[in-house]
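Peer 1: have a look at this prediction, sequence included:
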Amino acid sequence: MSQIERQANSPVRSPIVNDFCLTFATINGSGSATANSILLRSLFRMGIPVSGKNIFPSNIQGLPTWYTIRLSRKGYLARVDHDDIVVAMNPATIGDEMKFITTGGVLFYADDLPLPELRPDITAYPMPVKKIIKDNEVPPNLRTYIANMVYVGVVSQMLGIPLNVVHDAVHHQFKGKQKAIESNYSIIEAAAGWAKENLVKVDPYCVEAMGDNHDYIMVDGNEACALGSIFGGAQFVAWYPITPASSLVETMNEYLPRLRKDPETGKDTCVVVQAEDELAAIGQAIGAGWAGLRAMTSTSGPGLSLMTEYLGLAYYAEVPVVVFDVQRVGPSTGLPTRTAQGDVTQVNFTSHGDTQYVMLFPSSVNECFEHSWKAFDLAEKLQTPVVVMTDLDLGMNQWMTKRFVYPDQPIDRGKVLWEGDIEKLEERIQSTWGRYLDVDGDGIPYRTIMGNQHPRSAYFTRGTGHDEYARYSEEPEVWERVLNRIAKKFETARSLVPEPVLIEKPGAKIGVIAYGSTEPAVIEAMDLLEAEGIPAAFLRLRAVPFTKEVESFVSRYDRIYVVEINRDGQMRQLLLMEYPQYATRLIKAAHIDGLPLTADWIVRTIKAGEEK
């Protein structure tokens, strides 16, 4: 008896609805990203909580790539470390794929692949990919790419995704281009028809519509940061391409012609320059920030390393600039297409000498949008670089989120003086204005920018020693006074940066601190721990420097697990420096393998710590 015959005679198990994980094992550069996006958006359009994660190599074409879609009735969006369903299109990996399928799981496979011995505890469905492509007379130059639409059709039919929903997703994917829509959808329809006629469903996995996702969108973090920057008033962008940050500015290039043209003159109100390298990019951005423009750049760890000396200049000369760091695995070239949170201490201590930087840590694409526009306000109010810390998982993967909220406050440029302002300030302080003079006691001086016609508005900007009036100085007491005054504004920053998000649990004796893209895994882990009688409170950091709420949280719990995606527990290191009196309470829960954290790993780590 064949495998298919055995399956047809097997009893049907209880349905598993909207609560499973699918992984598509394909070849990089084969066009599978399009097929995967269509399935993800189809499920999203059905109102099902869903997330998609792409694990791809750093070459352009030919190596294995995986894309995982998780459906969760409860809204959990974190990665899981098992596969309920695998769609195998790569002969090089099909044997390994079967090892990760759960007992009772499903394998869809192209029927021309050299199939190893099938596990008896899974269901296998063959897909005649080449036959369907040939029967539908797909041109030879398109067969490799359109072949992926076969599994879109077969999987849709077998899971119960309505084809009209799939058609809408295809229309969205190809932006209304009719020829592309028709050529791809015709294969989907043919494959679904074949599956309906030839496959007997015996597995339990299926989907059902869960309602309207009208108030939600599907977007990646880089796009959210791009839009947040545009709405935050970015006027100058200098950048150099680097994975995984490139799509941030590429997306800005797509939106700027529509969103940032002066309605009267028709001229662009934001300039984008692709520099020759990262050094030039940060130098141009800082120069634009000094001149009075809202300026930014985007990069990842290796690019940030090159920008170090320039960032020290912006720190000491007190020039506002926004930097987006979409983190990847390091050191060195590392794993360019894998995720990490390994740049935390690098950014905190960037440049030689005594420096400190404001860092923002969005945990969702919605916060990517919000923190991006707020970063420009913070940079100008504090007159310092502000670094928005995302990562590959958040930046390049698609996430469902509520629609973005337009900035609810006007642009705040901080302490900028124009001609009349200088006279008023000097009258108030009964002294001459100085570029680096702290008159309010918050560490933040007043600045003028290009275009100010006042005879006393000019000053000389330098990275060498200077006094409160921007005059060159090597006097020891002047150097120390100015450097200490700059440090004071980071105390001021504690009241300006986003406060942490706190979730308390009745009876909790332990706490969890996390930040950024780890939040979905932590939220799920907290529910799992509570179900086992281990309630844990959760504080999600959103910024450095730390606010008063962080110390309050650390002081209340016996043990606090600091969860992060790096080797050394970098955020824990910063917490230890800030709160040495609580050193014995802060426990490292760090893991780095290039993949997003799972709730199961967090649960195992905390339980192991509690059993000691």
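Peer 2: Now that the structure is in, tell me what you want to look at. Residues are numbered from 1 along each chain as shown.
Peer 1: now do the buried residues in stretch 50-58.
Peer 2: Neighbour counts over stretch 50-58 (16 or more other CB atoms under 10 Å) mark 50-57 as buried. The C-beta positions use only the backbone N, C-alpha and C, and glycine is treated the same way.
Peer 1: closest one of these to Leu541?
Peer 2: Ser51 (22.0 Å; CB to CB).
Peer 1: shaky segments in the stretch 51-200 of the chain?
Peer 2: When residues are selected by pLDDT under 70, none of them lie in the stretch 51-200 of the chain.
Peer 1: pLDDT-wise, which helix or strand of the protein ranks last?
Peer 2: helix 3-8 (a mean of 53; mean pLDDT, DSSP states H and E).
Peer 1: ok, back up a step: in TSV: the buried residues of stretch 50-58, plus distance to Trp194 and secondary structure.
Peer 2: What follows is these, written out as TSV (distance: CB to CB, whole Å; DSSP: H, G, I helix; E, B strand; the rest coil):
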residue	distance to Trp194	secondary structure
Val50	26	strand
Ser51	29	strand
Gly52	26	strand
Lys53	29	strand
Asn54	28	strand
Ile55	29	strand
Phe56	29	coil
Pro57	31	coil
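Peer 1: got those residues as TSV, with distance to Leu425 columns?
Peer 2: Supplementary listing: those in TSV, determined by distance: CB to CB, whole Å:
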residue	distance to Leu425
Val50	55
Ser51	51
Gly52	53
Lys53	53
Asn54	53
Ile55	55
Phe56	55
Pro57	57
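Peer 1: so what's the nearest residue to Leu541 once chain neighbours are set aside up against?
Peer 2: Setting aside the residues directly before and after it, Leu541 is nearest to Tyr515 in space (CB to CB, 6 or more residues apart in numbering), at 4.1 Å. Contacts for Tyr515 were tallied using CB atoms under 8 Å, 6 or more residues apart in numbering; they are 341, 361, 363, 540-542, 564, 571.
Peer 1: what's the distance between Tyr515 and Ala543?
Peer 2: Distance check for Tyr515 against Ala543: by CB to CB, to the nearest Å, it reads 9 Å.
Peer 1: what touches both of the two?
Peer 2: Between them, Tyr515 and Ala543 share the neighbouring residues Phe361, with contact defined by CB under 8 Å, 6+ apart.
Peer 1: tell me how this structure divides into domains.
Peer 2: 2-213, 219-402, 416-493, 501-611 (automatic domain parsing).
Peer 1: pick the most buried one from those domains.
Peer 2: Among these, ranked by average contacts under mean count of other CB atoms under 10 Å, first place goes to domain 219-402 (a mean of 22).
Peer 1: pLDDT (mean, whole number) over it?
Peer 2: The average pLDDT within domain 219-402 is 97.
Peer 1: use 3 as the first number from now on
Peer 2: Happy to do that; since the first residue is 3 now, the last one works out to domain 221-404.
Peer 1: what about it, how long is it end to end?
Peer 2: Using CA to CA, to the nearest Å, the span of domain 221-404 from its first residue to its last is 10 Å.
Peer 1: so which residues of the stretch 253-402 of the chain form strands?
Peer 2: Read by DSSP state E, counting those that start in this stretch, the stretch 253-402 of the chain holds these strands, from start to end of the chain: 273-276, 297-301, 323-329, 360-362, 387-393, 400-404.
Peer 1: run the chain-centre distance for stretch 452-465.
Peer 2: Mean C-alpha position of stretch 452-465 versus that of the full chain (CA atoms, centre = their mean, to the nearest Å) differs by 39 Å.
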